[in-house]
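Chemist: no sequence for this one, just the structure:
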């Protein structure tokens, strides 16, 4: 994974509440055994006509919003299924961050493990970002992972929360598994005092 | 395990505390030990690829079990007893699953085998799901297993890789919410109606950051299948996990199941499990209360499980909502569903009725539906799919003659799997079709692109299938009550 420090990107707003992972990527695209190539399935049912042609009025298809890398969604972004294909599809679609007032827990976890930043902001900032994106499609924000701040075009900086371990991994471009693997002795010690509850290999 | 020394603790806290490998610090989340990892074909292939790339093994194949359920066909077996797979991409995904389980030494309940089924049906039915355990799976409905007093939650594919490689997970401690359901259910009102009412009350994001504990007289009087229905849909209220304290109903369900402890081990285990219920005086971060006596059959009208109402009510009016974003959401949902504010759903024509899914495909669900369908016919022009949750459920239903009831009524009796709940396997709605479904999600396109879903109980599903229009099952239930 590439380290993430800070970046500036164009925002695009999809101000719909409770965008579930079935909208982000419908289940019929989950028959893959790969992570790659899912960007074309991003928001598939909202984005394409049944003949596969792009719906011209869908915001992500508008020419002025091409190249956006920060998606501003409605409240409770990413609810529903645990599919990690959702952040894979968003990353494949060119997004580096999603902004909302809050995220569904599993989506948030999945996003952080893939370098897609879930940026939680207050309602007022959220509304401001939606208005800005709709007024001027070239609106850009700067997201700084080191300081955990999002800077608006007027220079106002708002903080967002990301737990210190995820932040460390993202800043250094390392995944979280390495840390767990380093705890082998502690895991063995746990197992010695906690007998296995089931053995799926017998019976 | 559950022994209280000092502070009173909740069921969740007891299970959490007893699985800490390494406590949370300022730099890292808690490291939690996982007792059982269930694996299916859709969310695991990329995790196994990661293990191969890094030269890692599955640390505890003996705490891991594989099944196939999401992309498997449920069409009847051919003359050779084989379930044919027509979708080449699904066939490849299933082959990859077989190869992964073989290479890493994981037991797999393969398609067509006697124990295959939906991952959240087979865990409990095999006795693998036990009180006080931590259970994870790359599937958000893993919350189902919480019905036994386990801490069970869905994880993403990266985390599937973490558990395969280390049998542990990094977790920030969630908050707790007590979901108290007082009183007793009226005839014709079921566990499904309780959970749809809870979600309608708190909304699909209301439980975000929480683990639910369901309690109260109405919960205690449910059988295990009903309790699983409730815990299953915790995630639809935003909670990753939902738990119910184990009791005699739990132990009676578990006794004698293949992986349940035996003889003296059983007695020891039960004694420990009896320590798990939330202590008197333990506190929750939040609480929601419902009165079961006031509940009626529920149905959803919109495009998320929180958009639900009593079946006798009318579709709400977006203009009457004060929150502008909620108004936009309801407006969008009603356009997708092609419903009008003030419209009654009772009497509305449907095309398909789906009885199945990890929410409602267990033997009690099939029995309830069969009681209504017995001696009756599915209405002309309506397709009723009955998809048992596992091969074991299917066999039991056939032993009880339920398959005949369904077939004679004109329903399709299928093989076990997720089927039309997620519509990955060819079982799907056509654009514009309406379905009453016993599954858990009514999201746009969930049951097939352009399809429209009304979530409801197995009783409502059966009554609707007979009448061909959305129906209140209480008219039938009163007959056999």
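Modeler: Received, thanks. Bear in mind the structure is a predicted one, so any value in this text is a computation, not a measurement.
Chemist: Phi first, then psi, for residue 97.
Modeler: Because you didn't say which chain, this covers chain A. phi -150, psi 150 (degrees, to the nearest 10).
Chemist: you looked at the wrong chain, it should be chain B
Modeler: phi -60, psi -50.
Chemist: helix/strand/coil for the residue nearest to it when sequence neighbours are not counted?
Modeler: Spatially, and ignoring its direct neighbours in sequence, residue B:97 is nearest to residue B:41 (4.0 Å; C-beta to C-beta, 6 or more residues apart in numbering or on different chains). From N, CA and C alone the C-beta is placed, and that goes for glycine too. Following DSSP: H, G, I helix; E, B strand; the rest coil, the label given to residue B:41 is coil.
Chemist: Where is the longest strand in chain B?
Modeler: Determined from DSSP state E, the single longest strand within chain B is strand B:175-182.
Chemist: Wait, the residue nearest to residue B:97 touches residue B:70, no?
Modeler: Yes: counting by C-beta atoms under 8 Å, residue B:41 does reach residue B:70; the two are 6.4 Å apart.
Chemist: These two: which has the busier surroundings?
Modeler: Higher neighbour count among residue B:41 and residue B:70: residue B:41, with 28 against 25, using other C-beta atoms under 10 Å in any protein chain shown.
Chemist: Could you check the pLDDT of that one?
Modeler: On the pLDDT scale, residue B:41 is placed at 96.
Chemist: Now for whichever residue of the stretch 201-350 of chain B sits closest to chain A: which residues touch it?
Modeler: For the stretch 201-350 of chain B, the residue closest to chain A is residue B:205, as judged by C-beta to the nearest C-beta, at 3.6 Å. By C-beta atoms under 8 Å, 6 or more residues apart in numbering or on different chains, the contact set of residue B:205 is A:18, A:75, A:76, A:79, A:102, A:104, B:238.
Chemist: continuing past the longest helix along chain A, what's the next helix or strand?
Modeler: For chain A, the helix with the greatest residue count under DSSP state H is helix A:123-135. Following helix A:123-135 in sequence order, the next helix or strand is strand A:140-144 (DSSP states H and E).
Chemist: one step back: close to chain B, is the longest helix of chain A?
Modeler: No: figure legend: helix A:123-135 not in contact with chain B (C-beta under 8 Å from any C-beta of the partner chain); closest approach 9.4 Å.
Chemist: what sits up against that helix?
Modeler: A:11-13, A:15, A:72, A:99-101, A:121, A:139, A:141, A:150, A:152-153, A:158.
Chemist: what about 10 Å?
Modeler: Helix A:123-135 is contacted from outside by A:10-15, A:59, A:65, A:68, A:70-75, A:99-102, A:119-122, A:138-141, A:150, A:152-154, A:156, A:158, A:160, B:324-325, using C-beta atoms under 10 Å, 6 or more residues apart in numbering or on different chains.
Chemist: that older thread, tell me if I'm right that the residue nearest to residue B:97 and residue B:85 touch.
Modeler: No: at 11.7 Å, residue B:41 does not count as touching residue B:85 under the criterion of C-beta atoms under 10 Å.
Chemist: Quick check: neighbours shared by these two?
Modeler: By C-beta under 10 Å, 6+ apart, the residues touching both residue B:41 and residue B:85 are B:71, B:72, B:93, B:94, B:95, B:111.
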